[in-house]
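Visitor: attaching a predicted model along with its sequence, questions to come.
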Amino acid sequence: MNKLHRIQLLTLTAGGRILRMEDEASGLSIERRLDPRLPLVVQKERLERLFEAMLQSDLSVVGS
């Protein structure tokens, strides 16, 4: 997994939190509202897997 993603944890004024990942090389980003009942690390790993799959899919389309 590519660990060169920019990761931000944003706190909303309403009390919720958002995890955002950005890949500056491709310009792709993804963000997800965090579930306060689940550990942050579990949600981060899940989002990283999804983001990596998105990047691979995007790069394979560009390379075609």
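Guide: Happy to help now that I have it.
Visitor: which residues does the residue nearest to the spatial centre of the chain bridge with?
Guide: What sits nearest the mean C-alpha location of the chain, by Cα atoms, centre = their mean, is residue 21, with 3.5 Å. Going by DSSP bridges, residue 21 is paired in beta bridges with residue 7, residue 30.
Visitor: can you tell me how far it sits from residue 42?
Guide: Computed with Cβ to Cβ, to the nearest Å, the distance linking residue 21 and residue 42 is 15 Å. Every residue, glycine included, has its C-beta placed from N, CA and C.
Visitor: this protein: strands as residue ranges?
Guide: Counting by DSSP state E, one finds strands in the chain at the ranges 6-11, 17-23, 28-33.
Visitor: which residues does the nearest residue to residue 35 once chain neighbours are set aside contact?
Guide: Counting by Cβ to Cβ, 6 or more residues apart in numbering, residue 43 is the residue found nearest to residue 35 once chain neighbours are left out, at 6.6 Å. Applying Cβ atoms under 8 Å, 6 or more residues apart in numbering to residue 43 gives the contacts 19, 32, 34-35.
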